[in-house]
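Asks: got a sequence here, can you model it:
(one chain, ligands or ions: 1)
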Amino acid sequence: MAEENKGTTTQAVPHTQAKQNTQAKETTQAKEKTQAKPTSGENANRKPNHNNRNKNNNNNKQDGDKPKSNNNRNNNASRNGNSNNNKNKNRNRHRRQPTPVDENLKTFVTKNQEEHKQRLNPHYKLDLNSKAKIRITPLGGLGEIGGNIMVFETEKEAILVDVGMSFPDETMHGVDILIPDFAYLREIRSKIVGVVITHAHEDHIGAMPYLYKEMQFPIYGTPLPLAMIGNKFDEHHIKEHRKYFNPIVKRQKIKIGNDFEVEWMHMTHSILDSSSVAITTDAGTVIHTGDFKIDYTPVDGYTTDIHRLAAYGEKGVLCLLSDSTNSHNPIPTGSELSVAPALDRIFSKAEGRVLLSTFSSNIHRVQQAIQYGIKYGRKICVIGRSMERNIEIAMQYDYVRFPKNIFIDADEVNRYEDKEVLIVTTGSQGEANSALFRMSIGEHRHIKIKPNDLIVLSSRAIPGNEGSISGMLNHLQRAGASIAMSKDIHVSGHASIEEQKLMLRLVNPKFFLPIHGEYNHVMKHRETGIMCGVPERNILLMTDGEQIEIAPKYMRKVKTVKTGKTYIDNQNNHKIEDDIILDRQKLASDGVVMLVAEVSEQNSKMLAKPKVTTFGIVPDKMDKSFAKEMEDVLEIFLTNIKPGLIENSRALENDIRQVVRKHIFRKMKKYPLIVPHILVH
Ligand SMILES: [Zn+2]
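Replies: Coordinates of the predicted model:
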């Protein structure tokens, strides 16, 4: 599909020069059209220049679709070079003859330049005659961290990549998780031929049970993500949907539907068994990195499959979608193995129990902690539901191996000396229902914090969680424990700028879509993309719901589809309707007023004093005076009541709500929930 097209090669040289002149004005499509148009010869743009080599270099840069900033730099450099050379030339004119030029060597300079051009510009590697196109729609994960779900569509078929969840902010009272709105999936349901999973993090698989309760498709992924999805299906009582599992082998291409061929490539990340995927359709190959970092020394020895990425880059890649989470970080992300010395140091010095907390999905971190626990003669006690489950799955499927006799239960901890115990637990984010938090406030059934305990937080604070972590640290320290949370006991799982550059250079895509991140993250990643040779016009910043169409000759936004979030209550795994959340927000910020009044049908007068109840509006001691105020408001309203309104209870209550709202806003600048009950006799 993406084969070299010699016919366009000759035309593309003049095109790229034309492009330089009109760069700012052109739209993507218009620009692409100029590609096929032969323009006048190469010499047209040449300026008088005594230094042929410099000039050729400049041309070469332009042909390679290099970003403008680089060109400017090169132009400046060459200008400076020229003027120096000119000076030298003048000075040397009388001293010696110029060295004769070996014309044969010169032709090889040209040939090498041509080779660089062919190698660096993905444009030449695509099948530009293909009319095929692919549409890409993020339904979550853009403009936010988490909730990743991406739709890839051909004319007749569609696949989803990841179906993740995200977390609510503090205004969404009583909401435990957010899942993407599936409205668009309902619309294209009959087109969907499969779900492709990159890795087992919650923000990539967390919404799977909610989707599968509603609609089912074959699921393709490596064993760990499937095992973890299976676990979720069991918890949600939809065990039978495990039958949709299609485990895959990395590097082996799988046909999904008629239109998609997908290959999983191993990636290093903060969870085991992560992948990027190469999705090939008639339009070409699109590479979705999933989440990744480039770890040259991973704990299990399975490095990022840069060879496969490079192979695709060599063959020609239509579009790269790459992880933007750490796109502001200029320092290369450390290897997972780099936390080992710090863990060793901490464990060697600890005199009492060690309680280590990290993300429960980071099995390699847990594995390293357990190894140092064993090294210093400690038994291992794993506490916390998600931690226990993840270690169990990782051991069941042979991702990690430990002797069984090193593990002890929480109720056995007190039988051992403090120095013989390592507790590995959840709660690194200070979550109120986590094991470590419950220990910190003395509410854990088996573990009470002791003065010589050492708490190791091997994690970073997810933005928004700083407050709860700080609160937990206060509790732990009050109970006498000491805390280790230095930077060297945690590394990120996401690529920083240098690794993002490596990805861009390996894959060498024609088009680039930065994904996974808020706007500022994808914006920064775009900058990195431009530095790595992707022309500015070939990069789009997507937001959730925006549909992008890509063909070998162009990329453009085509439409916007419905997206949003569905609120989930974890207690019962049920959806919470939007209006409930709005009511809760109103109650929390503005309170509630309830009015019960009996009104005579004959003369529209109150038959007794109204009953007024408020919460979150006035202090208790002012309840009486506020009730009197409400009574006055009602009385004035009833005196001036429109004829006939008294018979229509709904309209009556509505009008009362309005006058009460106006009155309260005038006095208190608040809009509480107002609940009137008017009984007409
Ligand atoms: Zn991840």
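
Asks: ok, now which ones touch the residue in the stretch 351-500 of the chain that the ion sits nearest to?
Replies: Per C-beta to the ion, G493 is where the stretch 351-500 of the chain lies closest to the ion, at 6.2 Å. Glycine gets a C-beta too; all of them are placed from N, C-alpha and C. The neighbours of G493, taking C-beta atoms under 8 Å, 6 or more residues apart in numbering as the test, are 269-271, 291, 293, 333, 362.

Asks: the residue positioned nearest the centre of the chain: what's its closest spatial neighbour, skipping adjacent residues?
Replies: Central residue of the chain (C-alpha atoms, centre = their mean): H516, 3.1 Å from the mean position. Closest residue to H516 apart from its sequence neighbours, by C-beta to C-beta, 6 or more residues apart in numbering: D323 at 4.8 Å.

Asks: how many neighbouring residues does the nearest residue to the residue of the stretch 351-500 of the chain closest to the ion once chain neighbours are set aside have?
Replies: In this structure, G493 finds its nearest non-sequential neighbour in S270, 2.6 Å apart by C-beta to C-beta, 6+ apart. S270 has 26 neighbours, counted by other C-beta atoms under 10 Å.

Asks: ok, now N452?
Replies: N452: 13 neighbours (other C-beta under 10 Å).

Asks: so for the residue in the stretch 551-681 of the chain positioned nearest to the ion, what's the pLDDT?
Replies: Using C-beta to the ion, K565 is the residue of the stretch 551-681 of the chain that sits closest to the ion, at 19.1 Å. We have a pLDDT of 88 for K565.

Asks: show me what contacts it?
Replies: Taking C-beta under 8 Å, 6+ apart, one finds 140, 147, 166, 178-181 in contact with K565.

Asks: in the stretch 551-681 of the chain, which spans are strands?
Replies: All strands of the stretch 551-681 of the chain, identified by DSSP state E, counting those that start in this stretch, fall at 554-560, 565-569, 574-576, 592-599, 611-615, 673-680.

Asks: quick check: beta-bridge partners of L355?
Replies: Following DSSP bridges, L355 is listed with bridge partners I423, I455.

Asks: for H123, see how far away it is.
Replies: 56 Å (C-beta to C-beta, to the nearest Å).

Asks: can you pull the buried residues of stretch 455-463?
Replies: The neighbour-count check on stretch 455-463 (16 or more other C-beta atoms under 10 Å) flags 455-461 as buried.

Asks: how about exporting stretch 183-195 as PDB, limited to the C-alpha atoms?
Replies: Taking Å, rounded to 0.1, in the frame of the first residue of the first chain, the C-alpha atoms of stretch 183-195 are listed here in PDB:
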ATOM      1  CA  ALA A 183     -23.500   8.400  21.800                       C
ATOM      2  CA  TYR A 184     -21.200   8.300  18.700                       C
ATOM      3  CA  LEU A 185     -20.600   4.600  19.100                       C
ATOM      4  CA  ARG A 186     -24.300   3.900  19.200                       C
ATOM      5  CA  GLU A 187     -24.500   5.800  15.900                       C
ATOM      6  CA  ILE A 188     -21.800   3.700  14.200                       C
ATOM      7  CA  ARG A 189     -22.400   0.500  16.100                       C
ATOM      8  CA  SER A 190     -23.000  -1.600  13.000                       C
ATOM      9  CA  LYS A 191     -19.600  -0.500  11.500                       C
ATOM     10  CA  ILE A 192     -17.600  -1.500  14.600                       C
ATOM     11  CA  VAL A 193     -15.600  -4.700  14.000                       C
ATOM     12  CA  GLY A 194     -13.300  -4.700  17.000                       C
ATOM     13  CA  VAL A 195     -11.800  -3.100  20.000                       C
END
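
Asks: OK, contacts around the spatially closest residue to I576 that is not a sequence neighbour?
Replies: In this structure, I576 finds its nearest non-sequential neighbour in Y567, 4.2 Å apart by C-beta to C-beta, 6+ apart. Listed by C-beta under 8 Å, 6+ apart, the contact set of Y567 reads 168, 172, 175, 178, 575-578, 580-581.

Asks: S324 now?
Replies: 500, 514-517, 521-522, 524-525.

Asks: one more time with 7 Å, if that's ok
Replies: S324 sits next to 514-517, 521-522, 525 when contact means C-beta atoms under 7 Å, 6 or more residues apart in numbering.

Asks: repeat for G194
Replies: 159, 217-218, 220, 256-257.

Asks: same thing but at 10 Å, please
Replies: Residues near G194 by C-beta atoms under 10 Å, 6 or more residues apart in numbering: 157-161, 217-220, 244, 246, 254-257, 260, 262.

Asks: circling back to that earlier point, for I370, find the nearest of the strands of the stretch 551-681 of the chain.
Replies: strand 565-569 (32.7 Å; C-beta to C-beta).

Asks: ramachandran angles for the closest residue to F233 other than its chain neighbours?
Replies: Excluding the flanking residues, the one nearest F233 by C-beta to C-beta, 6+ apart is H241, at 5.1 Å. Per-residue torsions, H241: phi -70, psi 0 (degrees, to the nearest 10).

Asks: measure H241 to the ion for me?
Replies: For H241, the distance to the ion equals 23 Å [C-beta to the ion, to the nearest Å].

Asks: one step back: who wins for most neighbours among the contacts of S324?
Replies: H516 (31 neighbours).

Asks: selecting buried members of the contacts of G194 in PyMOL, what would you type?
Replies: In PyMOL, a selection of the buried entries from the contacts of G194 looks like this (16+ other C-beta under 10 Å):
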select buried, resi 157+158+159+160+161+217+218+219+220+244+254+256+257+260+262
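
Asks: any idea how many residues pack against the residue nearest to L673 when sequence neighbours are not counted?
Replies: In space, and not counting its chain neighbours, L673 is closest to V592: 4.3 Å by C-beta to C-beta, 6+ apart. V592 is flanked by 16 other residues according to other C-beta under 10 Å.

Asks: who's in contact with V592?
Replies: 583, 586, 613-617, 672-675.

Asks: redo that, cut-off 7 Å
Replies: With C-beta under 7 Å, 6+ apart, V592 has these contacts: 614-616, 672-673, 675.

Asks: partners of it in the sheet?
Replies: F615, L673.

Asks: what about it, distance to D300?
Replies: Counting by C-beta to C-beta, the separation of V592 from D300 is 55 Å.

Asks: if we can go back for a sec, which members of the contacts of V592 are the farthest-apart pair?
Replies: G616 and V675 (13.2 Å).

Asks: how close does the closest residue to N258 other than its chain neighbours get to A183?
Replies: Leaving aside its chain neighbours, N258 sits nearest to E157 (6.6 Å; criterion: C-beta to C-beta, 6+ apart). Distance, E157 to A183, by C-beta to C-beta: 20 Å.

Asks: and M531, by the same measure?
Replies: For M531, the distance to A183 - C-beta to C-beta - is 38 Å.

Asks: most widely separated two among the contacts of K565?
Replies: Farthest pair in these, by C-beta to C-beta: S166 and D181, 12.1 Å.

Asks: where do the helices sit along the stretch 451-600 of the chain?
Replies: 466-478, 497-507, 519-531, 578-590 (DSSP state H, counting those that start in this stretch).
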